[in-house]
Structure formats: structure tokens, C-alpha cells
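1. Provided below for reference: sequence and predicted model.
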Amino acid sequence: GAGVSQTPSNKVTEKGKYVELRCDPISGHTALYWYRQSLGQGPEFLIYFQGTGAADDSGLPNDRFFAVRPEGSVSTLKIQRTERGDSAVYLCASSLGAGLYNEQFFGPGTRLTVL
Amino acid sequence: DQQVKQNSPSLSVQEGRISILNCDYTNSMFDYFLWYKKYPAEGPTFLISISSIKDKNEDGRFTVFLNKSAKHLSLHIVPSQPGDSAVYFCAASANTGNQFYFGTGTSLTVIP
């Protein structure tokens, strides 16, 4: 389909391991957002890309979290030295342009479980 | 600190009746508000929005009301249908920022 896709859909890892979560936005969408949704909570902003650059990474909780979007399309969220508290659904969204008035289209998310 | 709050975790409504979902916010700088609908194992999908220059926005069966002085918004669904059963999130943003702040969601069940 033409929607936002995220892989893997589920990821189980052990505490201390490194994980990468991938997001394929809708073709032509220049803005890309990552959110984290913990159990019983709403999505929480992590980082926003406009093109290849991270325009706002103020939501990243600490330096174990990093995200890239090298060609302005696919993005990878990287988490080092995972902790049990990182367990959550990680959502990616894309929009046609910059600015919050552009509708964000969400992917189905990656459920990360850290044992 | 939760800047957007949905105090009702769940709501059950009979088919055909009105569903009213509520949302409160604390940040007076918020000027744009949205409602998202989420089915299990899917990402949220945009439902309806309202900017602070308006107090009401309507789209078919869905109407969002904004009371800026009370820092409160609500989503009305009428008539409610079984397919409306989902989790509903409200979200808010300030025009100076790049992010939405989401509430914790209300799970709506429409009983046939």
C-alpha cells in the first residue's frame, strides 16, 4: 500500500542490547516524526525530521536514543544499551510538508519489548 | 507533567446515541487541537481538528467544540455507530512548536 510502514512489527530484545527500528514514510512526504507510546499513555513526541535533518530532537529521552534519515526518506530509530523502561510501541508518522497543520499519517508501530 | 488530559479512560454508548469525549489542557499557548482515532494494531488516524480562532468545527457525524477560557475541548459523535468503537486521542500544539502533545486516550465502545 501507499501508507507509512514500519519494520519490524514486533521486536523482543534483552536488556543492554542495541536495536534499530525502521520507518518508510509515504512517498513525497518531507516531514517525518517519531513517537513513543507507553502502556496506557498517549503518543509522546521524540524527534521530527524535515528532509534529511533533525529539525527538533527535544523529545529524545537521553543519548541512548538516536535517529537518522540520510536520504530524506526512510528513517531509522536507534536505541543503544536498551533498558526495560524502553519497552513501548514506537510510532512513526509522515506529512506532506513542514508545520503541524499538515496532516500526519501514522504507521502501525513497532512494539519493542526489552526483557 | 501531562499537558493534555483525558480523564475518562473508557466510555460505553448505545448505537444511535451521542458519544461525548472530553479533553482538558493546561498550556494556554496551545492554539491547534486534533482528535485521532486508533484501532488495535494500527496507527492513529486523523479525525478532526480545530484552531483556537473557532469554537466549533463539524465534519459529518463528528463535531469538536473548543472552550478556550476553560481550556477544554470535546468531541461529539452523533449518531454513534459500532464501527466508531476505538481509542480516541486528543492532541494539542502551539504554533511556535514542532510537536503535538497527546492525551492518554478514551476507549469508546458503541453497543449495537
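-> Yes, it's here. Numbering: from 1, shown residues only, chains lettered A, B, ... in the order given.
2. quick check: beta-bridge partners of the residue sitting nearest the centre point of chain A?
-> Nearest residue to the geometric centre of chain A (CA atoms, centre = their mean): A:Trp34, 3.3 Å. Beta-bridge pairing of A:Trp34 under DSSP bridges involves A:Ile47, A:Cys92.
3. please report the distance of it from B:Pro9.
-> Taken as CB to CB, to the nearest Å, the spacing of A:Trp34 relative to B:Pro9 amounts to 25 Å. To be clear about C-beta, it is placed using only N, CA and C from the backbone, and glycine gets the same treatment.
4. going by residue numbers, what spans are strands in chain A?
-> A:5-7, A:10-13, A:19-24, A:31-37, A:44-50, A:53-56, A:65-68, A:75-79, A:88-95, A:105-106, A:110-114 (DSSP state E).
5. and chain B, by the same measure?
-> B:4-5, B:10-14, B:19-25, B:32-38, B:45-51, B:56-59, B:62-67, B:72-77, B:86-93, B:101-102, B:106-111.
6. could you dump the strands of chain A to a markdown table with mean pLDDT and distance to B:Asp24?
-> A markdown table is the format used below for the strands of chain A (pLDDT from 0 to 100; distance: least, CB to CB, whole Å):
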| stretch | mean pLDDT | distance to B:Asp24 |
| --- | --- | --- |
| strand A:5-7 | 97 | 31 |
| strand A:10-13 | 97 | 34 |
| strand A:19-24 | 98 | 31 |
| strand A:31-37 | 96 | 20 |
| strand A:44-50 | 94 | 18 |
| strand A:53-56 | 87 | 25 |
| strand A:65-68 | 96 | 30 |
| strand A:75-79 | 98 | 31 |
| strand A:88-95 | 96 | 23 |
| strand A:105-106 | 96 | 24 |
| strand A:110-114 | 98 | 29 |
